[in-house]
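In: got a sequence here, can you build the structure:
(one chain, ligands or ions: 1)
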Amino acid sequence: MSEVDHLEAPRTRSLKPLATLLPYLGHYRGMVVKALIFLTLAAVATLALPLAVRRMIDHGFSQSDAGFINNYFGMLIALALLLAFASAMRYYYVISIGERIVADLRRDVYSHVIKLSPSFFDVNQSGEIVSRLTADTTQVKSVVGATASLALRNLILCLGGAAMMVYTSPRLSALVLVAIPFIVFPLIAFGRSVRKRSRSAQDTLAEASAYASESIGAIRTVQAFNGGPAASGRYGDAIEGAFGAAQAAIRSRSILTGVAISMVFGSIAGVLWYGAHAVLDGSMSAGTLGQFVLYAVVAASSLGALSEVWGEIAQASGAAERLAELLAEVPAIRAPANPKRFPATAAGAIAFNDVRFAYPSAPERSALKGLSFKVEPGETVAIVGSSGAGKSTVLSLILRYYDTTAGEIALDGVSVRDVDPAELRARLSIVPQDVTIFASTIHDNIAFGRPNASRADVIAAAKAAHAHDFIERLDNGYDTMSGERGVTLSGGQRQRIAIARAILKNAPVLLLDEATSALDAESEKLVQNALDGLMKDRTTIVIAHRLATVLKANRILVMDDGRVVEEGNHQSLVAKGGIYARLASLQFDGKELAELQV
Ligand SMILES: Nc1ncnc2c1ncn2[C@@H]1O[C@H](COP(=O)(O)OP(=O)(O)OP(=O)(O)O)[C@@H](O)[C@H]1O
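Out: Next comes the predicted model:
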């Protein structure tokens, strides 16, 4: 599947997707074998119990032999102890395997998802992906753990019970055989409807979860627009929808259970009635009838249990399919088979050569339409242009979040497509407009691009970013936890953390998306000073929103509709009276501009 495809609800109804889990089980062969041994042992012990019961009825009671009774009771207790031990061990191994596998699966799915390119996240909601990571893996866990063992145990009991029924009394078994179609047919019919309804309940719930995670993530916007009641209403409707779907599944399932039990036990009563007559006319011993009935109960109740777990297994199969889909996503951006290397000493020269590009999620609309420009090593180039001109796209393509549709982008003379993306990104630092602060310490946030950096390096970077003073004033200094999204930090502080992060990474090329949000004069000055330090001796491409930035740039590229339409410095471009002059007069402080033009 290509990465731009939207993930869809699973279509298959088979249990095949569960095969995805086999390689995981394979890693724990020893545990699986032990689980199977104890499972079989427990089932065999259960099946042996009726044999002892029959002996007791036929011989024990009739001969009134106390020693005989003692023997059989001793056997019975030994069997019960074996059953208890085997069941305990089975539980231990089976549940451990379930937990182990789901841990592996979660780790693999997360490691895979984190490698997928931005184009995948353009079309798939992050809430839905997280729901797969948690809800779907949990469902798989319940199956690999409890449910699979329950199914297997009941299968053994059902088959073993049936075999022992035939062994005990072929005549009565033939009667049961006649009843089987009446039992199996409704099971199959209802089983299907249960599966269909459960899947729709699951899908509805996934949608509701995605909505909840989106609105909780944007809680400020929701509250600012008094969107709470509307959001609650929408979520409530979604949950009611999920409840309705679950209710339908429950209804089918309870009908299934009721029908199965009444068919099974109805048949048993019929057979018992026939058997009782056989005992009366002397053609069968009471013990044999008792043994047969016990086996019939074992076989029938395990069949009933099988019908119940079937629904769960089918649900987990759907979950496994969704996870398999996610694991099958191929990252759109990968390292070539034989990646080229950049020159050992990084100069930081960037060249766009007739680059054309349309976002994979909107292939019919070109974002860049033949863009060419060069940035020399150490140069600072400001990009300006109206909203939607393609400025952020330029940065995204240098970072190779996406591949160009046509044309080439080169760093230090090597096409970005020909190198390992990790090596490319090691040479680039980005300070984005919307800074991400992870729920971690300030130290870890600064060291995000260099996790092994020493405290001294982190402090040096923070000082250069003019962030040290405010960090020192926090309760725990560099060890202060920033909130889930760094909510405790102000906009200017967050930006300085991002600048410190970039300084610590010390890459030869700096990509800067200037924040449009108005910082107060003091913050702005601090951020600007921090940036000046960062831009020194580095190739810098900056999406400029401030007059100070364009004045400092060696060159200004003016973009419009995916192309460079003007190029020069501030004075020459203002003098030209074109797009830049118009943009500048709107965007930058009019008074300052007027002074400059004098
Ligand atoms: N992830 C995306 N998927 C699809 N289209 C996109 C995506 N990001 C941007 N675009 C489109 O590409 C075009 C260029 O967008 P870009 O973000 O590069 O503009 P910009 O000049 O940075 O604008 P702004 O100054 O408003 O940030 C726009 O038409 C935009 O709608």
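In: is V564 located within a helix, as I assumed?
Out: No: V564 is assigned strand when assessed by DSSP: H, G, I helix; E, B strand; the rest coil, not a helix.
In: and the gap between it and the ligand?
Out: 12 Å (CB to the nearest ligand atom, to the nearest Å). The way it works is simple: take the backbone N, C-alpha and C, and place the C-beta from them, glycine included.
In: cool, G74 as well?
Out: Computed as CB to the nearest ligand atom, the G74 to the ligand distance reads 75 Å.
In: what helix or strand is that residue on?
Out: G74 belongs to helix 66-113 when elements are defined using DSSP states H and E.
In: now do that helix: which elements does it pack against?
Out: For helix 66-113, the helices and strands in contact under the criterion 3 or more CB pairs under 8 Å, 6 or more residues apart in numbering; DSSP states H and E are helix 22-26, helix 29-55, helix 137-142, helix 148-168, helix 286-328.
In: what segments of the stretch 301-450 of the chain are helices?
Out: Using DSSP state H, counting those that start in this stretch, the helices of the stretch 301-450 of the chain run over 391-398, 421-426, 442-446.
In: still on that earlier bit, put the alpha carbons of the helix or strand that the helix holding G74 is followed by into CSV.
Out: Downstream of helix 66-113, the first helix or strand assigned by DSSP H and E is helix 118-123. The C-alpha atoms that make up helix 118-123 are tabulated as CSV, following Å, rounded to 0.1, in the frame of the first residue of the first chain:
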residue,chain,number,x,y,z
PRO,A,118,4.4,13.6,6.6
SER,A,119,2.3,12.7,3.5
PHE,A,120,0.8,9.8,5.5
PHE,A,121,-0.2,12.1,8.4
ASP,A,122,-1.7,14.6,5.9
VAL,A,123,-4.5,12.1,5.2
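In: what about the strands in the stretch 401-550 of the chain?
Out: 406-411, 414-415, 428-431, 509-513, 539-543 (DSSP state E, counting those that start in this stretch).
In: for those strands, give me JSON lines that also has mean neighbour count.
Out: What follows is these, written out as JSON lines (neighbours: other CB atoms under 10 Å):
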{"stretch": "strand 406-411", "mean neighbour count": "18"}
{"stretch": "strand 414-415", "mean neighbour count": "16"}
{"stretch": "strand 428-431", "mean neighbour count": "23"}
{"stretch": "strand 509-513", "mean neighbour count": "23"}
{"stretch": "strand 539-543", "mean neighbour count": "25"}
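In: ok so, going back, mind giving me a markdown table with the helices and strands packed on helix 66-113 and columns for distance to the ligand?
Out: Output for those, formatted as a markdown table (distance: least, CB to the nearest ligand atom, whole Å):
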| stretch | distance to the ligand |
| --- | --- |
| helix 22-26 | 34 |
| helix 29-55 | 45 |
| helix 137-142 | 28 |
| helix 148-168 | 42 |
| helix 286-328 | 20 |
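In: so can I have CSV of these showing mean pLDDT?
Out: Listed next are the helices and strands packed on helix 66-113 as CSV, based on pLDDT from 0 to 100:
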stretch, mean pLDDT
helix 22-26, 86
helix 29-55, 84
helix 137-142, 84
helix 148-168, 86
helix 286-328, 82
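In: of all those, which one is nearest L583?
Out: Closest to L583 of the helices and strands packed on helix 66-113 is helix 286-328 (CB to CB; 43.3 Å).
In: could you check the angle helix 29-55 makes with that closest one?
Out: 160 degrees (axes from the mean of the first three to the mean of the last three CA atoms, to 10 degrees).
In: what about helix 286-328, distance to the chain center?
Out: Helix 286-328 sits 29 Å away from the centroid of its parent chain (CA atoms, centre = their mean, to the nearest Å).
In: could you export the helices and strands packed on helix 66-113 as CSV, including mean neighbour count?
Out: Converted to CSV, those look like this (neighbours: other CB under 10 Å):
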stretch, mean neighbour count
helix 22-26, 12
helix 29-55, 18
helix 137-142, 20
helix 148-168, 20
helix 286-328, 21
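In: who wins for proximity to I409 among those?
Out: Here helix 286-328 is closest among the helices and strands packed on helix 66-113 (CB to CB), at 29.1 Å.
In: which strands or helices does that closest one pack on?
Out: Using 3+ CB pairs under 8 Å, 6+ apart: helix 286-328 touches helix 29-55, helix 66-113, helix 137-142, helix 148-168, helix 170-217, helix 228-280.
In: worst average pLDDT in these?
Out: Among those, helix 170-217 carries the lowest mean pLDDT, a mean of 78.
In: what's the angle from that helix to helix 286-328?
Out: Going by the same axes, to 10 degrees, helix 170-217 makes 30 degrees with helix 286-328.
In: what's the following helix or strand after helix 170-217?
Out: helix 219-224.
In: neighbours of L474, how many?
Out: L474: 16 surrounding residues under other CB atoms under 10 Å.
In: nearest spatial neighbour of it, skipping sequence neighbours?
Out: T480 (4.2 Å; CB to CB, 6 or more residues apart in numbering).
In: which residues touch the one you found?
Out: Residues in contact with T480, defined by CB atoms under 8 Å, 6 or more residues apart in numbering, are 441-442, 471, 474.
In: let's go with 10 Å and repeat that
Out: For T480, the contact set (CB atoms under 10 Å, 6 or more residues apart in numbering) comprises 441-443, 445, 471, 473-474, 488-489.
In: what is the nearest of these to V419?
Out: N445 (28.0 Å).
In: close to the ligand: what parts of the stretch 1-150 of the chain are there?
Out: Within reach of the ligand by CB under 6 Å from any ligand atom, the stretch 1-150 of the chain has these residues: D122.
In: look through the stretch 1-150 of the chain and state the residue closest to the ligand.
Out: When distances are taken as CB to the nearest ligand atom, the stretch 1-150 of the chain reaches nearest to the ligand at D122, 4.6 Å away.
In: R234 reaches G227, doesn't it?
Out: Yes: counting by CB atoms under 10 Å, G227 is a contact partner of R234 at 9.4 Å.
In: find residues that contact each of those two.
Out: By CB under 10 Å, 6+ apart, R234 and G227 have these common neighbours: S215.
In: how close does N445 get to S96?
Out: 37 Å (CB to CB, to the nearest Å).
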